[in-house]
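Undergrad: Sequence first, then the predicted structure, then my questions.
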Number of protein chains: 2
Amino acid sequence: MNTVRMTVARTADPAQRKTLTDYEQIGFSVEANLADGHAYQGLSHSQAEIVERMSDLWAYSEAQSIPESTQIYVDRYADLIGSAYLPDASTHLILPTASNSIDLVAAYLKLRHSRVLLTHPTFDNLALILRRRGVDLYPVTEPEVAGALPLAPKLAETDVLFLVNPNNPTGTNLSKERFEEIVHACLRHDVMLVIDTSFRLFYPQNWDDYQILHESGVSFILFEDTGKVFPTQDMKASLFTCSPDNRAALHEIYNEIYLCVSKFTLAVLGDFFDNARREGLDQSVHSLVAQRRSRAREMLGEEVIDPTARDSRISVEWISTSNIGQSDKTVTAELHERGVGVLPGRGFFWNRADEEAGVSNIRMSLMKPEPEFERGLEILANYFAEVTHR
Amino acid sequence: MNTVRMTVARTADPAQRKTLTDYEQIGFSVEANLADGHAYQGLSHSQAEIVERMSDLWAYSEAQSIPESTQIYVDRYADLIGSAYLPDASTHLILPTASNSIDLVAAYLKLRHSRVLLTHPTFDNLALILRRRGVDLYPVTEPEVAGALPLAPKLAETDVLFLVNPNNPTGTNLSKERFEEIVHACLRHDVMLVIDTSFRLFYPQNWDDYQILHESGVSFILFEDTGKVFPTQDMKASLFTCSPDNRAALHEIYNEIYLCVSKFTLAVLGDFFDNARREGLDQSVHSLVAQRRSRAREMLGEEVIDPTARDSRISVEWISTSNIGQSDKTVTAELHERGVGVLPGRGFFWNRADEEAGVSNIRMSLMKPEPEFERGLEILANYFAEVTHR
């Protein structure tokens, strides 16, 4: 028998509801792919030396036990971000990708029947993964997170505050003071704090969020990513930690799917961490992003950058198309015809993807091979000039 | 607020209900870890040459587009298993691990509200992952799958037949004729066929299951693994294909979590495939497994092998402890004290994990570094001799 009672997850016309990842895959086929935010900017000279010694790294990781390789990886990452507290976190899980970490959180929050506030706007796969597991989801806006609008009324009505910090696509990044305020507000309202720090390394690491979380006693989950920063051809890992109260159930769900992540992958990434620590994040990561951002703003004009993203330091630009009077979908489609892949903005507004918000934004990535980036920028600049004078 | 209404997934005492992966993790800390079935047997001479040229492989994969790297990977795997049909399958998804593939199937079957028959016994994480997503699960036994007992009555009452073939832990592997019978029975009963072929490469590849599936018109999903065979330190990938009717929804769920898998990982694995194809599976894989199996049976005695697994060619031995009158848990615990990790049998009987089935079995892995394997075998043999004379 097979009487399919499939739940209709999308609107009737699937073309109306492409996800951001759908657009990223479309981007694979164009001349200049500035759609996805994965790090493909090419290796620096010293990073290329890591690749040169990969055979030695294989032997190095081969000789380690799985627990040893995990601890070394954690220690090297902690050194990179200057965290004294990370090595002693109550647990260290490592997943193949940050999206797998989101899904682990999703399975756990479903188990807890949690009501969840999620950053809005943000990349749509967080909401898609959480909702796929059946998690009850509500938006929290950047002004509410930043403190420009009150957050407490929403915290009083929720079980979990799930933040993407720094946020993608805007780059909005909490100050230490605001982070502490949020942690203590969560404590007061008995709210669990979940933080996706995938874009962390694009900002200077001057204070230790692990320390604040640990010392506050708040219930938390925090997971990292490597794939946005290090150009390792999507060889990546997502370090996942939590407070002791969340440990047992998360381990149980983790163990259903994962035994471990490749020791070799961890050794290679660990060498990238050490390299970035020695050179400094500023030198090894931030300067290239800043240079690419300057080029983009020079070519396109500062005024096309969305006002919410003018101070962004992450590896994507959040562009407003309102000046040229075209919707995100039109711009994305017309740029695609010209050979550039970008993301339409509405997908980031996961709570109202078919409405007006976000229809005047596109997102472009900065961390692609230089010739591809420059070619894409040229096409973008010509397109903006052309449409402005239509 | 945070009134946790957590569903109790385990019995009151968590120690009573460790999963097989829990035991595999415990195995990381012992002298001779024969618990997990991941391939850690050490590189052959020609495999070591692949590792030697990893820096070149990096440049090779760097120059490919994501779709190119996927197609090349598929073609090389198809060459290894001699499948003319695989390259033209309706879709090729690649996931980081076979467990991620199981979870993709789980999300899809939940969406379809499917009633699912799953191989029993088999490794417990399949049932755990499927049930975590809320899939409605029923066991189908090896005699029913093999045709010794009637399968049709169960097919008439189900939507999906989910087989692990070859099966883990018994190594039971369908003949071409029986495979065709099952495909046609599924067609007759309008049942979707899902096949986990993670242990496929331990058997000669003399016929093309993709061709049979494709030509029959049956609704199917099939996914592969590399992590059981190639000693790549858990750098792995799971190739996932399906019939056209399942394509759209599976792509949608895949895209929520994955954009792509590392091109570099695919290039390295592809070189392992080519190496195995050139040397022949017999020479590069089967001969070592057979040699390890002979050693195990020589040291422990043929009679300790479970009758259902005497003909097994997969990389684990399924051992009966009934001769020594001890339960799986006692044997596992006493071996752990002596420095060997193995898996207790009851976990494989996912539908009745606390009852009698499997309490007289343990599973040991063959594909570990030779000194570790020999040391483990020695401890096992001494233990069996000692307990027999207690």
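TA: The structure has been received and is ready for your questions. Since the model is a prediction, treat every value here as computed from it, not as a measurement.
Undergrad: So A:D209 is in contact with A:R178, correct?
TA: No - A:D209 is beyond contact range of A:R178, at 11.6 Å (criterion: CB atoms under 8 Å). Where C-beta positions appear, they are placed from N, C-alpha and C, glycine not excepted.
Undergrad: what about these two, which has more around it?
TA: A:D209 (23 against 14; other CB atoms under 10 Å in any protein chain shown).
Undergrad: Could I get the phi/psi values of that one?
TA: Here is the backbone geometry of A:D209 (degrees, to the nearest 10): phi -60, psi -30.
Undergrad: And it, how far from A:Y203?
TA: Separation of A:D209 from A:Y203 (CB to CB, to the nearest Å) stands at 11 Å.
Undergrad: again, but for A:D271
TA: On the measure of CB to CB, A:D271 and A:Y203 end up 22 Å apart.
Undergrad: do A:L109 as well
TA: From A:L109 over to A:Y203 the distance is 27 Å, taken as CB to CB.
Undergrad: Helix, strand or coil: sort out the residue nearest the centre of chain A for me.
TA: Nearest residue to the geometric centre of chain A (CA atoms, centre = their mean): A:S198, 4.1 Å. Recorded secondary structure, A:S198: coil (DSSP: H, G, I helix; E, B strand; the rest coil).
Undergrad: For it, which non-adjacent residue is spatially closest?
TA: With sequence-adjacent residues excluded and distances taken as CB to CB, 6 or more residues apart in numbering or on different chains, A:S198 is closest to A:D225, at 3.6 Å.
Undergrad: Give me the number of neighbouring residues for the one you found.
TA: Using other CB under 10 Å, A:D225 has 23 neighbouring residues.
Undergrad: Next up, identify which helix or strand it is on.
TA: Element membership for A:D225, per DSSP states H and E: none, as it lies in no helix or strand.
Undergrad: Check what pLDDT it gets.
TA: A:D225 is assigned a predicted lDDT (pLDDT) of 98.
Undergrad: got the contact list for it?
TA: A:97-98, A:196-199, A:236, A:238 (CB atoms under 8 Å, 6 or more residues apart in numbering or on different chains).
Undergrad: ok, 6 Å please
TA: A:98, A:198, A:238 (CB atoms under 6 Å, 6 or more residues apart in numbering or on different chains).
Undergrad: Now pLDDT too, for these, in TSV please.
TA: Output for the contacts of A:D225, formatted as TSV (pLDDT from 0 to 100):
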residue	pLDDT
A:A98	97
A:S198	98
A:S238	98
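Undergrad: where does chain A dip in pLDDT?
TA: Applying pLDDT under 70 to chain A flags the ranges A:1-16, A:353-358.
Undergrad: Which parts of it are strands?
TA: Under the criterion DSSP state E, chain A contains strands at A:32-33, A:93-95, A:115-120, A:136-141, A:160-164, A:192-196, A:220-223, A:238-242, A:316-320, A:340-341, A:343-344, A:361-365.
Undergrad: can you list those strands in TSV and add mean neighbour count?
TA: Shown next, in TSV, are the strands of chain A (neighbours: other CB atoms under 10 Å in any protein chain shown):
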stretch	mean neighbour count
strand A:32-33	25
strand A:93-95	24
strand A:115-120	23
strand A:136-141	17
strand A:160-164	24
strand A:192-196	25
strand A:220-223	23
strand A:238-242	24
strand A:316-320	24
strand A:340-341	25
strand A:343-344	27
strand A:361-365	27
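Undergrad: Go through these and name the closest to A:Y258.
TA: Judged by CB to CB, the one of the strands of chain A that comes nearest to A:Y258 is strand A:93-95, at 6.5 Å.
Undergrad: is chain B contacted by that closest one?
TA: No - shown here: strand A:93-95 not in contact with chain B (CB under 6 Å from any CB of the partner chain), separated by at least 8.8 Å.
Undergrad: For the stretch 101-250 of chain A, list the residues in contact with chain B, please.
TA: So far as CB under 6 Å from any CB goes, the stretch 101-250 of chain A lies against chain B at A:107, A:111-113, A:125, A:128-129, A:132, A:159, A:190, A:233-235.
Undergrad: try 8 Å
TA: Within the stretch 101-250 of chain A, the positions adjacent to chain B are A:102-103, A:107, A:111-114, A:125, A:128-129, A:132-134, A:156-160, A:189-192, A:219, A:232-236, A:248-249 by CB under 8 Å from any CB of the partner chain.
Undergrad: which ones are touching the residue nearest to the centre of chain A?
TA: A:98, A:164, A:168, A:224-225, A:227-228.
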